[in-house]
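Novice: mind looking at a prediction? Sequence and model below.
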Amino acid sequence: MKSGLITRDGYESLRKELDYLWREERPEVTKKVSWAVSLGDRSENADYQYNKKRLREIDRRVRYLRKSLENLKIVDYRSEQEGKVFFGAWVEVENDDGEVLRFRIVGYDEIFDRKDYISIDSPMARALLKKEVDDEAVVRTEAGSVTWYINSIEYPKP
């Protein structure tokens with residue numbers, strides 16, 4: 001399940017990606033495909049096959065981004081959030097084994113290529129919501145339950 005929430009930074013990042021794919025990469029790949037077509041036999045033309053495949057990938061991503069950007073809800077920082085864990089917070093937690101994790105709670109579309117971001121829909125984020133520093137959160141997963149203690153909560157200031 002995806003909550004449909006996103007930080008303003010995440011939204012801008014997706015918007016820039018869409019803009020780049022549509023205005024820069026797609027026209028470039030389209031030129032390469034046209035050039036490869038002009039050479040004749042497409043069945044053994046690696047340039048044609050690769051760029052045609054890339055064009056399909058770009059088009060699929062563009063459709064996904066357009067649909068997502070239309071439906072995502074930007075959540076901005078509000079001063080009332082201070083001191084508690086909410087969407088957009090950087091949180092540091094520690095368990096009884098002394099393992100320390102630091103991550104930001106963001107929307108599903110923002111977690112890819114980032115090891116320090118977790119989805120608002122994850123069990124960890126759900127367990128931490130509305131908690132304060134020194135509170136404990138029990139995170140339940142299929143693997144079992146783990147208790148985490150909140151060391152710090154920070155919000156990026158606009």
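Specialist: In hand now; what should we look at? Nothing here was measured: the structure is a model prediction, and the numbers come from that model.
Novice: all contacts plus neighbour counts: C-alpha atoms, from now on.
Specialist: Noted.
Novice: residue boundaries of the strands in the chain?
Specialist: For the chain, strands defined by DSSP state E occupy the ranges 5-6, 73-74, 90-95, 100-106, 117-119, 136-141, 144-154.
Novice: same list (these) but as TSV, adding distance to Arg15.
Specialist: Output for the strands of the chain, formatted as TSV (distance: least, CA to CA, whole Å):
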stretch	distance to Arg15
strand 5-6	12
strand 73-74	12
strand 90-95	23
strand 100-106	16
strand 117-119	19
strand 136-141	33
strand 144-154	26
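Novice: which one of these lies nearest to Glu82?
Specialist: Evaluated over the strands of the chain, closeness to Glu82 peaks at strand 144-154, with 7.7 Å, by CA to CA.
Novice: work out the gap between the closest one and the centre of the chain.
Specialist: 22 Å (CA atoms, centre = their mean, to the nearest Å).
Novice: swap in stretch 126-144?
Specialist: Its chain's C-alpha centre lies 21 Å from the corresponding centre of stretch 126-144 when counted by CA atoms, centre = their mean.
Novice: list the buried residues of that stretch.
Specialist: Buried residues in stretch 126-144, defined by neighbour count with 16 or more other CA atoms under 10 Å: Arg126, Ala127, Leu128, Leu129, Lys131, Glu132, Val133, Glu136, Ala137, Val139.
Novice: next one: stretch 2-21
Specialist: Buried residues in stretch 2-21, defined by neighbour count with 16+ other CA under 10 Å: Gly4, Leu5, Ile6, Thr7, Arg8, Gly10, Tyr11, Leu14, Arg15, Leu18, Leu21.
Novice: excluding chain neighbours, what is closest to the spatially most central residue of the chain?
Specialist: Centroid check for the chain by CA atoms, centre = their mean gives Glu110 as the closest residue, at 1.3 Å. Excluding the flanking residues, the one nearest Glu110 by CA to CA, 6 or more residues apart in numbering is Gly10, at 5.8 Å.
Novice: do Val91 as well
Specialist: Ile153 (4.7 Å).
Novice: any idea how far Tyr77 is from that neighbour?
Specialist: According to CA to CA, to the nearest Å, Ile153 stands 13 Å off from Tyr77.
Novice: who's more crowded, those two?
Specialist: Neighbour comparison, Ile153 and Tyr77: the larger count goes to Ile153, with 21 against 18 (by other CA atoms under 10 Å).
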